[in-house]
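A.B. asks: Here is a sequence together with a model predicted from it:
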Amino acid sequence: MIVKKIINNPDNIVSDTIEGFVKAYEDKIEKLPNSNVVIRKNMEKGKVSVIIGNGSGHEPACIGFVGENMLTANAYGGVFAAPSPDTLYDAIEASENGKGVCVLISNHAGDVINSKMAIDMADDDDILCKGVILYDDIASAPKGEEIERRGTAGTLFNYKITSSYAADGHDLEEVAKMAEKVRDNTRTLTVATVPGTSPITGYKMFEIADDEIEIGMGVHGEAAAHTMKIGTAEEIAKVMCKKLIEDKPYEKGDEVAVLVNGCGQTTYMELLIFYNEVEKILSEAGIKTYKPAIGNYITTQEMGGIALAFCKLDEEMKKQWSKTTDAPGFHI
């Protein structure tokens, strides 16, 4: 069944989206001429820049995460498609402020290949540049094979903490190590209740039985690891928290930032009810929560569901997570 969307020509979805975004936030960001890059205005000199490339269709990610104390630039591709190496290089070159560029790379084949090519191009031009691959989806590879896992919603912790840390004036090696630390302390699991729809074809991206939810969906509708009968928020939270806590493991005395990310269709009411259950479970386990992020940050069109992510924090990470930002798509 074709699903209705309020768009113009499907071939112009991305350009129409970016044009609207730039007009809405023209005091903070701009688009590079002749390149698919959104970049901060009024960048501070002498600081390491942090950028990422990603496919469109996940808004507000990642264009909405460009701003003070967050990303310097976002190189964007087509719907669910990685940006080209040339586009990523444009973002690196335009962001370089004399202290180097850290490229955060969500672990998907196209993003990894194209980002590495762009970093090689930067090296050839004597631009100091370093990439860090991000992976957090515990459903995509077993414990012990973390480097094979996909990058999903938990990468949001890195966009905020690492970028904010760079803004404090740390050098490129220190910024890259912070990105690795945030990654290694993050775990994510996603459940889907309703499939999203391709804005290009108008068709559903996958099927879910009416009385079931999928556990372990990717951000592009990649196949889930398990299915279960739809339950209450309490029942779903117990399943997801147990898997996340056991995987890291998160332990009594830990302090974690919690991300309850709506996948596009899920209401704020549902997200708050779900967070209430998550907080109770963590509290009973002796795990303290710190400034949760609750909302639609990284979406898959109108897919129903929730991505739940934890990031174990130390005092430096807490400082950077809570620092204010003017990025349009981020709030805690």
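C.D. replies: Nice, thanks for sending it over. Residues are numbered from 1 along each chain as shown.
A.B. asks: what's the pLDDT at the residue lying closest to P195 once chain neighbours are set aside?
C.D. replies: What sits nearest to P195 in space, not counting adjacent residues and going by Cβ to Cβ, 6 or more residues apart in numbering, is K204, at 4.4 Å. Backbone N, C-alpha and C define where each C-beta goes, glycine included. On the pLDDT scale, K204 is placed at 85.
A.B. asks: Equivalent analysis for the one 4 residues further on, please.
C.D. replies: I208 is assigned a pLDDT of 87 by the prediction.
A.B. asks: How is it assigned, secondary-structure-wise?
C.D. replies: Of the three states, I208 takes coil according to DSSP: H, G, I helix; E, B strand; the rest coil.
A.B. asks: Now stretch 33-49 - C-alpha only, PDB.
C.D. replies: C-alpha atoms of stretch 33-49 as PDB (Å, rounded to 0.1, in the frame of the first residue of the first chain):
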ATOM      1  CA  PRO A  33      28.200  26.100  -2.300                       C
ATOM      2  CA  ASN A  34      28.200  23.200  -4.700                       C
ATOM      3  CA  SER A  35      28.600  20.500  -2.000                       C
ATOM      4  CA  ASN A  36      26.200  18.500   0.200                       C
ATOM      5  CA  VAL A  37      27.600  19.800   3.400                       C
ATOM      6  CA  VAL A  38      25.900  21.700   6.300                       C
ATOM      7  CA  ILE A  39      28.400  23.600   8.400                       C
ATOM      8  CA  ARG A  40      28.500  25.900  11.300                       C
ATOM      9  CA  LYS A  41      28.700  29.700  10.900                       C
ATOM     10  CA  ASN A  42      31.200  31.500  13.100                       C
ATOM     11  CA  MET A  43      33.500  28.600  13.800                       C
ATOM     12  CA  GLU A  44      36.100  29.100  16.500                       C
ATOM     13  CA  LYS A  45      39.700  29.200  15.300                       C
ATOM     14  CA  GLY A  46      42.300  26.900  16.800                       C
ATOM     15  CA  LYS A  47      40.000  24.100  17.800                       C
ATOM     16  CA  VAL A  48      39.700  20.500  16.600                       C
ATOM     17  CA  SER A  49      36.600  20.200  14.400                       C
END
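A.B. asks: which residue ranges form the helices in this protein?
C.D. replies: Secondary structure of the chain by DSSP state H: the helices cover 13-24, 85-95, 109-124, 155-167, 172-184, 233-247, 268-284, 315-322.
A.B. asks: Tabulate those helices (TSV), appending mean pLDDT.
C.D. replies: Rendered in TSV, the data for the helices of the chain read as follows (pLDDT from 0 to 100):
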stretch	mean pLDDT
helix 13-24	97
helix 85-95	98
helix 109-124	98
helix 155-167	98
helix 172-184	98
helix 233-247	97
helix 268-284	98
helix 315-322	98
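A.B. asks: Out of the ones you listed, which is the most enclosed?
C.D. replies: helix 155-167 (a mean of 28; mean count of other Cβ atoms under 10 Å).
A.B. asks: Mind giving me the packing neighbours of that one?
C.D. replies: strand 49-56, strand 101-106, helix 172-184, strand 186-194, strand 255-262, strand 304-312, helix 315-322 (3 or more Cβ pairs under 8 Å, 6 or more residues apart in numbering; DSSP states H and E).
A.B. asks: So which elements touch the longest one?
C.D. replies: Helix 172-184 is packed against strand 101-106, strand 129-134, helix 155-167, helix 315-322, with contacts defined by 3+ Cβ pairs under 8 Å, 6+ apart.
A.B. asks: Same check on the last one?
C.D. replies: For helix 315-322, the helices and strands in contact under the criterion 3+ Cβ pairs under 8 Å, 6+ apart are helix 155-167, helix 172-184, strand 255-262.
A.B. asks: The helices of the chain: which one's closest to E44?
C.D. replies: Evaluated with Cβ to Cβ, these place helix 155-167 nearest to E44, the distance being 7.2 Å.
A.B. asks: Which pLDDT value goes with D171?
C.D. replies: 98.
A.B. asks: now the helices and strands packed on helix 155-167 in JSON lines, with distance to S163?
C.D. replies: JSON lines is the format used below for the helices and strands packed on helix 155-167 (distance: least, Cβ to Cβ, whole Å):
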{"stretch": "strand 49-56", "distance to S163": "4"}
{"stretch": "strand 101-106", "distance to S163": "9"}
{"stretch": "helix 172-184", "distance to S163": "9"}
{"stretch": "strand 186-194", "distance to S163": "15"}
{"stretch": "strand 255-262", "distance to S163": "15"}
{"stretch": "strand 304-312", "distance to S163": "14"}
{"stretch": "helix 315-322", "distance to S163": "8"}
